[in-house]
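> What follows is a predicted structure for the sequence shown.
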Amino acid sequence: MSFRDRPRILVTGGTGFIGSHTVVDLVEQGFEPVLVDDLSNSERSVLDGLEAICGRRLELHEIDCRDRAALDRVLREAGPIAGVIHFAAAKAVGESQRRPLHYYSNNLGSLLTLVEAMIEHGVRDLVFSSSCTVYGQPGQLPVTEDTPLAEPASVYGATKQIGERILRDVVASGASLRVTLLRYFNPIGAHPSARIGELPLGDPQNLVPIILQSAAGLRGPIRIFGDDWNTPDGTCIRDYIHVLDLAAAHVKSLEWMARQAEGSLIEVFNVGTGRGRSVQEALDAFERATGRRVEREVGPRRPGDIEQIFAACEKAERTLGWKATRSIEEAMRDAWAWQEALGRR
Ligand code: UD1
C-alpha cells in the first residue's frame with residue numbers, strides 16, 4: 001500500500017520530543033502522520049532526523065493550534081484525517097508558575113480550538129497527552145487510573161486536569177468523539193538511531209537532559225534535589241519510561257478506538273513501566289549503561305516536588321494490549337547516543 005493510501009493521523013506537536021518518536025511509530029505501524037507544530041519548542045531540523053529514519057520527508061504544517069482558520073485549512077487540505085494525537089502544549093512546571101496566562105491560553109486554547117475543528121470536520125478519534133502530575137502525591141502506590149486526583153500543584157498541572165475535564169464534558173454532551181487520555185509518567189531516552197531525541201532548547205529542567213549535559217562536560221555536577229525524603233535512599237522516586245514505549249501507547253490507543261463500536265467514549269490510561277526508581281538509581285543506571293561517571297552533589301529539595309510516584313499499568317495492558325518493554329539502561333544508552341550526536345553537529 002502506498003503511503004498515500006494509509007490512514008492519515010494529525011499529530012499536533014509532531015516535532016516535539018514525544019511527538020517525533022510517536023511519528024516514527026505511526027509510520028512503522030502503517031499510518032501516515034501529518035505534523036502540526038508552531039516550532040516554539042522544537043526545530044524544523046527534526047524533519048531531517050525523521051526523514052533519515054522513515055525514508056521520506058513528512059508533511060509539516062507550521063501553525064499554532066489556536067489559529068482556527070489555519071487548522072481548518074490543514075483539515076481540509078491534508079486529505080481525510082482518521083484521528084488526532086494532540087501533544088502541542090507547553091510543559092515546564094516552573095515556567096507555568098511565572099506565565100500562567102500563557103499556559104492557560106496555549107494549552108487550553110489549542111485543545112478547545114482543535115476539538116471544535118474536529119467536530120466540525122467529522123474527525124472522531126483523539127489521543128490526549130495528560131500527565132501523572134494530575135495525581136499529586138498519592139496516598140497509595142502504585143497509582144491506578146481510579147486514584148483520586150489532587151489539587152493541581154502547578155499551572156501546568158492545572159492545564160492537564162482541566163484538559164481532561166473539558167474532554168469528559170464534551171463526550172458527556174453526546175458529541176461524536178472517541179477520546180483516550182494518556183497519563184504519562186517520566187519519558188526519557190531517544191530513538192536508537194540517535195537521529196531524533198529531546199532538544200535541549202533553553203536551560204533543561206528535567207533530570208535526564210541535565211544528566212546528559214553534566215556527563216558531556218557542558219555543566220558541573222548534577223545536583224540531587226534532597227536526600228532526606230522518606231524513601232529507601234532518601235531521594236525522590238519516579239517511573240522513567242523509554243520514549244519509544246510511550247510512543248507505542250499512542251498508536252495502540254488509535255488502533256483500539258478504531259475497533260470500538262460507533263458512538264462516543266472516553267477512557268484514561270496510565271503510561272509508565274510500573275517500576276519506581278530513585279534519583280540515585282537513575283544515575284546508577286546511566287553510569288552502568290554508558291560507562292560514564294556523573295559527579296553528584298546533594299542540594300535542597302525543589303519546591304513543588306513530590307516524594308514518589310509510579311504507575312499501575314495493568315489497565316493499558318488489558319485493554320490496549322500495550323506494555324513497556326525497554327529497560328532504563330536502554331533508555332539511558334539511547335539518550336547518551338543522542339547527546340553525543342548533538343555534540344557532533
Ligand atoms: C515533572 C512533572 C511532570 C511533567 C514533567 C515535565 C510532577 C510530579 N511531574 O516531572 O508531570 O510532565 O515535569 O517537565 O509534577 N531531579 C534532581 N536534580 C535535577 C533535576 C531533577 O534531583 O537537577 C529530580 C527531581 O527532584 C525528581 C526527578 O529528578 O525527583 C525527576 O525530575 P524531572 O525530570 O524534573 O521530572 P518530574 O519533576 O518528575
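Nice, thanks for sending it over.
> Residue 44: what's it in contact with?
By C-beta atoms under 8 Å, 6 or more residues apart in numbering, the contact list for residue 44 reads 15, 60, 62. For the C-beta atoms, the positions are set from N, CA and C on the backbone; glycine is no exception.
> Look up how far residue 132 lies from it.
31 Å (C-beta to C-beta, to the nearest Å).
> ok, now residue 219?
Computed as C-beta to C-beta, the residue 219 to residue 132 distance reads 27 Å.
> Give me the more crowded residue out of these two.
Neighbour comparison, residue 219 and residue 132: the larger count goes to residue 132, with 24 against 14 (by other C-beta atoms under 10 Å).
> so who does that one touch?
Counted by C-beta under 8 Å, 6+ apart, residue 132 has contacts 143, 183, 184, 185, 239, 270, 272, 309, 311.
> can you give me phi and psi for residue 266?
With angles defined as degrees, to the nearest 10, residue 266 shows backbone torsions of phi -140, psi 130.
> beta partners of it?
residue 179 (DSSP bridges).
> That one: how many residues sit nearby?
Other residues within reach of residue 266, judged by other C-beta under 10 Å, total 18.
> Now do it against the ligand, distance only.
Taking C-beta to the nearest ligand atom, to the nearest Å as the measure, residue 266 and the ligand are separated by 21 Å.
> Please list all residues in contact with that residue.
Contacts were defined as C-beta under 8 Å, 6+ apart; by that measure residue 266 touches 167, 168, 171, 177, 178, 179, 180, 181.
> so which of these is the most crowded?
The member of those surrounded by the most neighbours (other C-beta under 10 Å) is residue 180, with 27 neighbours in all.
> any chance you could map the strands in the stretch 51-200 of the chain?
Counting by DSSP state E, counting those that start in this stretch, the segments of the stretch 51-200 of the chain that form strands are 59-61, 81-86, 125-131, 178-184, 186-188.
> Is it possible to get JSON lines of those that adds distance to the ligand and mean pLDDT?
As requested, those are arranged in JSON lines below (distance: least, C-beta to the nearest ligand atom, whole Å; pLDDT from 0 to 100):
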{"stretch": "strand 59-61", "distance to the ligand": "24", "mean pLDDT": "97"}
{"stretch": "strand 81-86", "distance to the ligand": "15", "mean pLDDT": "98"}
{"stretch": "strand 125-131", "distance to the ligand": "4", "mean pLDDT": "98"}
{"stretch": "strand 178-184", "distance to the ligand": "6", "mean pLDDT": "98"}
{"stretch": "strand 186-188", "distance to the ligand": "5", "mean pLDDT": "98"}
